[in-house]
Each structure stands twice: as structure tokens, then as C-alpha cells.
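S.K.: could you work out the structure for the sequence below:
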Amino acid sequence: SQFLTVNTLGVWPQYDGTYESKQKRWTYLARIDHKINEGQTAFFRWAAEDEYRPIITTGGRTHSTASFDFAVPRSSAVAGHTWVKSQQSINDFRIQYAFAKFKVAPPNSNGDWEPGDFGTDRLSLCTPIFTYPSLTLGGCGNSQMGPEKRFQIRDDFSHIRGRHAFKAGFDGSMVNFQFDNMGSPLGSWTFPRDVPYNAADPTTYPTQYTNSLPTYGDTPIKVLGLYVQDDWTPTDGLTFNIGLRYDRQFGSYNEDIADLLSRVEDKLGRDGAFPLPIPFHQGSDARGDKNNWGPRIGFAWDPGRNGKTNIRGGYGLFYDNVRTLLNGAEITWPQSKTIVISRPTFPDPFGGKSRDQFVSTAPPNITVNANDFQSPYAHQFNLGVSRTLTTDVALTLDATMAIRKADRETVDLNLPGQTSRVRPYPQFARVTNAQSTFDNTFNAVLVKIEKRMSHNYQVLVSYTYSEAKDDGFTSAAAGAYGFTKVERYGTADRRHRLV
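M.R.: Predicted coordinates:
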């Protein structure tokens with residue numbers, strides 16, 4: 001068990017106290033290994049994990065009723081075959097089925113539902129949210145269900161010929177992923193003072209009310225990776241590594257919006273179309289990132305051919321995966337029908353209207369993905385040298401540069417004009433656009449002296465100088481209105497580290 005303490009410093013004594021989180025985690029493993037003949041072996045592995053951690057965010061100003069239960073049950077079955085065809089050739093084949101499901105449920109419910117199941121048994125666990133300066137109460141426990149089923153095949157073939165060691169392979173996956181979010185269907189109130197609402201005291205009136213309905217998405221994707229490489233030793237003490245990799249994701253960029261909406265309609269029986277035309281989807285048929293070729297080259301050189309000095313360097317272009325869940329908001333915003341009201345009336349924020357009547361009178365907040373959205377990528381350079389100074393002392397010097405491009409960030413495409421206060425698209429309120437425009441750089445130099453264990457002691461001393469900069473859009477730039485791209489030192493910037 002874990003014990004979590006809510007402490008409002010006596011402002012809300014009825015909610016202060018220690019709350020127990022009775023947690024569990026079980027892991028299971030089974031394995032089989034079989035030798036087919038002198039050149040072939042096969043194996044099978046099965047592993048599973050079952051966990052449950054209730055009210056894990058309770059503590060400080062967060063009451064247990066505003067927390068949630070968390071679990072990620074998962075299992076995987078892997079089979080493989082290794083075939084040593086000759087002294088020069090070997091082939092490794094793997095096939096895997098994996099399942100995982102993130103379960104975020106209302107506090108102390110240990111809830112488990114199919115994604116998109118928004119029945120009364122689930123809704124009944126929700127309560128309104130009340131947020132005060134020193135306390136937060138209630139909610140749906142951030143209730144989310146997200147099962148993922150992955151089927152993967154991988155094969156790697158290696159062959160040695162003369163001074164060359166060739167390797168090639170592929171990795172393909174089909175991933176079926178569904179997700180949902182209960183939102184805040186009973187509403188969320190924010191109050192300015194640590195006192196109950198009093199109709200006779202305007203200083204206790206709420207400052208904001210938000211409300212969002214449950215959402216669901218079904219985004220199956222496919223992932224493909226192909227590579228070839230060669231480790232070439234033209235002479236003793238010198239090795240080159242040359243390779244090329246191709247990465248491709250299908251479905252991760254919301255390429256087929258109509259299909260994704262039809263999946264919502266099939267599951268929920270509603271919201272299978274956008275409530276009004278979305279001009280930003282013109283050109284969405286060209287979505288996808290098809291040119292992810294990543295060359296790599298490196299070398300390692302022992303100039304004395306005696307193992308005392310090693311000089312090495314390399315360059316590679318690497319592509320990151322697009323996180324499917326992050327792009328789901330483009331499909332879910334019509335379902336959530338989010339409402340944000342400043343200075344609402346309490347307890348009826350809609351002023352006598354029904355929720356549907358209130359929503360129909362206000363332009364919606366929408367989310368779109370840029371049609372040129374792409375996979376983030378990074379150019380990485382490394383250069384280093386290691387030198388053995390004595391039989392048990394070595395000096396290392398390494399320099400690294402990483403230039404990362406096209407990471408995800410969001411901007412509002414529908415800010416009112418600075419003087420006219422008129423939005424470019426008056427049929428919408430906020431237009432949150434996810435785009436591949438966030439860049440960053442990282443440079444570092446490492447110096448390390450190491451004495452291995454001898455004479456009953458060992459020593460390691462290292463110093464790193466590094467610099468990290470982010471280059472992205474912000475709406476908080478001094479002297480500028482709207483979103484401006486600004487380069488500044490990033491959160492990863494750590495100039496000096498001595499260990």
C-alpha cells in the first residue's frame with residue numbers, strides 16, 4: 001500500500017487526511033527453447049503483467065474524489081527461429097502478438113469498460129468538479145480506456161564475406177488502437193476563494209465553468225521499417241559502418257478522415273460527420289510522410305593497432321514515430337462539444353437553456369492537423385577519442401550534436417485581428433492546429449577519466465558541457481501579437497555537470 005496525504009493547511013479540515021492506495025502488481029513468464037538440429041533453434045516466450053493502483057494522484061490539494069485509478073494490464077507472446085545457414089550466414093525470424101490497455105478509472109472503482117461504452121454504470125461514477133485555490137474535489141477520474149493490439153513480424157539476415165559483414169532486415173506491425181475519454185459531462189467549476197459559494201457574496205461566485213462530453217476514437221495503423229548495412233574493415237584497426245533505413249507509418253496522420261469518422265458513427269451511432277464544413281481539410285488527401293530515408297555512416301580507428309587508442313565518429317538521420325493518440329483530437333472535438341464559460345451563473349451555467357441549446361448558439365472550438373504533418377527527425381553527429389594512459393587508467397573525450405526537426409506543436413489559427421478583433425474564420429472560436437514546426441538542437445562535450453578496479457579501489461570522474469535550444473511558436477513573445485517562432489534555451493539545457 002501507499003499512503004497519500006491531502007493537506008489544505010486547515011483551510012478545508014473536513015478533507016484533510018491520509019488516504020490509503022491499496023496497490024498490486026503481478027508478473028508472469030513462461031518460456032520454451034527447442035533445438036531443431038545443429039543449425040536451427042526455436043523459442044517461445046509468454047509474459048504478462050497485471051496491476052492496479054487506485055487514487056494515485058491524491059495528495060497536496062487533490063482530494064481522493066478528484067484522483068483516479070490507474071492500470072495497464074499487458075501480455076505478449078513471441079516466437080522465434082534462428083537458422084545458422086553456414087559459418088558466414090545467419091537468419092533470425094521473430095513473430096509477436098502483444099496486448100496492452102491503459103485503464104484510467106474513477107477513484108476506487110477498479111473500473112474496466114470497452115472503449116466507447118458510456119453507459120449509466122460508468123456515468124454514475126462521475127460527479128461535478130469543484131476547484132478552489134487550496135482544494136480540488138470530484139470528477140470522472142479522468143476516465144479513459146485505451147486497448148492496443150499489435151501483430152509484429154521481424155526478420156534479420158546477416159552474411160560475412162571477406163572484410164564485409166552485411167546485414168538486412170524488415171520490421172512490420174499492424175496496430176489496432178482504440179481510445180476514449182469521459183471528459184467532464186457534469187461540469188467543472190472554478191472558484192476564486194477557499195469558501196463555499198454564497199449568493200449574497202459576489203466574491204465567492206465562480207470564475208469559470210467547463211463541460212465536455214465523452215469521446216471515442218478508433219485509429220488502426222501500420223508501421224514498416226526496412227534497413228541494409230555493411231560493417232567494412234578495409235584494414236586491421238579500421239572499420240566503417242554504412243547503412244540505410246526506411247521508415248513508414250500508415251494511418252498515423254489521419255489520412256482518411258472519412259473512415260475515422262465512420263468508425264465513430266458505427267460505435268456510438270452519432271458524430272459520424274463534422275457539424276459544419278472544415279476548410280482546413282482541403283488537401284488532406286495528400287497527408288502522409290513517405291520520404292523517411294535515414295542514411296547512417298560511422299567509423300572506428302585504432303591508429304596504433306594495439307588497443308590503446310580509439311578514434312570514432314558517425315552521422316545518422318533518425319525518424320521518430322508519430323503518436324497516434326495525440327492526433328485523435330481532430331476526430332473527437334465534434335463529440336466533446338466543449339463549453340467554456342467565464343463568470344458563469346451558479347448553479348445553472350446555461351442560463352435556463354439546455355446544453356444543446358447553449359452549444360448551438362456559440363462557434364465551436366475545433367482541432368485540426370496540418371496536411372503537411374510529418375514524422376519528427378533528427379540529424380546526429382558524434383566524434384570521440386579514448387586513450388589508455390596506464391594499465392588501469394583511461395581518458396575519454398566525446399562531442400555530440402543533435403539537430404531535431406519537425407516535432408509536434410500547436411498554434412491557434414483563428415486569433416482575432418489585433419485591431420479589428422475579428423476572427424479570420426468567424427464560424428469557429430479557437431482553431432487548434434497541430435503542426436510539425438518545433439525544432440531543437442543539443443550540443444555536448446564529455447571528458448571522462450576512469451580508473452578500473454585495481455589495488456582495491458576504482459575511480460570515475462566526468463565533466464559534461466552541454467547546450468540545448470528550442471525553436472518553436474509562442475504567443476507570449478514580447479512586442480509581438482499572435483504566434484511567433486522564437487529560439488530560446490530549452491528545458492534540457494544543463495550547462496555544466498560534474499560527476
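S.K.: what's around the closest residue to S184 other than its chain neighbours, how many residues?
M.R.: Nearest in space to S184, with sequence neighbours left out and distances taken as Cβ to Cβ, 6 or more residues apart in numbering, is S212 at 5.4 Å. Every residue, glycine included, has its C-beta placed from N, CA and C. Residues near S212, counting by other Cβ atoms under 10 Å, number 20.
S.K.: surely S212 meets L186?
M.R.: No - with contact defined as Cβ atoms under 8 Å, S212 does not reach L186; the gap is 10.4 Å.
S.K.: hey, what's R312 bridged with?
M.R.: A300, G384 (DSSP bridges).
S.K.: look up how far D259 lies from it.
M.R.: Counting by Cβ to Cβ, to the nearest Å, the gap from R312 to D259 is 48 Å.
S.K.: what of G251?
M.R.: Distance from G251 to D259, counting by Cβ to Cβ: 9 Å.
S.K.: likewise for I366?
M.R.: Distance of I366 to D259, given as Cβ to Cβ: 19 Å.
S.K.: outside of the helix or strand hosting E265 itself, list whatever touches it.
M.R.: According to DSSP states H and E, E265 maps onto helix 257-268. Helix 257-268 has contacts (Cβ atoms under 8 Å, 6 or more residues apart in numbering) with 116, 118, 216-219, 254, 270-274, 281, 284, 330-331, 335.
S.K.: mind running it again at 10 Å?
M.R.: In this structure, residues lying in contact with helix 257-268 by Cβ atoms under 10 Å, 6 or more residues apart in numbering are 114-118, 178, 180, 214-220, 251, 254, 256, 270-274, 278, 281, 284-285, 287, 327-328, 330-332, 334-335, 368-369.
S.K.: am I right that the residue nearest to S184 is in contact with I129?
M.R.: No - if you go by Cβ atoms under 10 Å, S212 and I129 don't touch, sitting 11.2 Å apart.
S.K.: pLDDT at V359, what is it?
M.R.: You'll see V359 listed with a pLDDT of 85.
S.K.: is it true that it lies in a strand?
M.R.: No - counting by DSSP: H, G, I helix; E, B strand; the rest coil, V359 falls outside a strand, being helix.
S.K.: contact partners for it?
M.R.: By Cβ under 10 Å, 6+ apart, V359 lies in contact with N211, L213, P275, K337, T338, I339, F350, K353.
S.K.: ok, Y209 next?
M.R.: By Cβ under 10 Å, 6+ apart, the neighbours of Y209 are 128-129, 184, 187-190, 339-347, 349-350.
S.K.: the same query, at a cut-off of 8 Å, please.
M.R.: Counting by Cβ under 8 Å, 6+ apart, Y209 makes contact with G187, S188, W189, T190, I339, V340, I341, P344, P349.
S.K.: same check on P13?
M.R.: By Cβ under 8 Å, 6+ apart, the contact list for P13 is empty.
S.K.: circling back: quick one, which of I366 and D259 is more surrounded?
M.R.: I366 (25 against 13).
S.K.: I'd guessed N254 sits against E330; true?
M.R.: Yes - counting by Cβ under 8 Å, N254 touches E330, with 5.5 Å between them.
S.K.: spit out the residues that contact those two alike.
M.R.: In contact with both N254 and E330: N369, using Cβ under 8 Å, 6+ apart.
S.K.: count of residues packed around P54?
M.R.: Look at P54: counted by other Cβ under 10 Å, it has 27 neighbours.
S.K.: quick check: phi and psi on it?
M.R.: phi -80, psi 150 (degrees, to the nearest 10).
S.K.: ok, it - contacts?
M.R.: With Cβ under 8 Å, 6+ apart, P54 has these contacts: S21, K22, Q23, D69, F70, P107, N108, N110.
S.K.: next one: P115
M.R.: Each residue near P115 by Cβ under 8 Å, 6+ apart is listed here: M145, G146, P147, Q178, F179, D180, Y216, D218.
S.K.: coming back round to it: tell me the buried residues within the contacts of helix 257-268.
M.R.: Taking 16 or more other Cβ atoms under 10 Å as the criterion, what is buried in the contacts of helix 257-268 is 115-116, 118, 178, 180, 214-220, 251, 254, 271-272, 274, 278, 281, 284, 287, 327-328, 330-332, 334-335, 368-369.
S.K.: circling back: from A370, how far off is the residue nearest to S184?
M.R.: For S212, the distance to A370 equals 24 Å [Cβ to Cβ].
S.K.: W26 and A47 touch, don't they?
M.R.: No - W26 is beyond contact range of A47, at 11.6 Å (criterion: Cβ under 8 Å).
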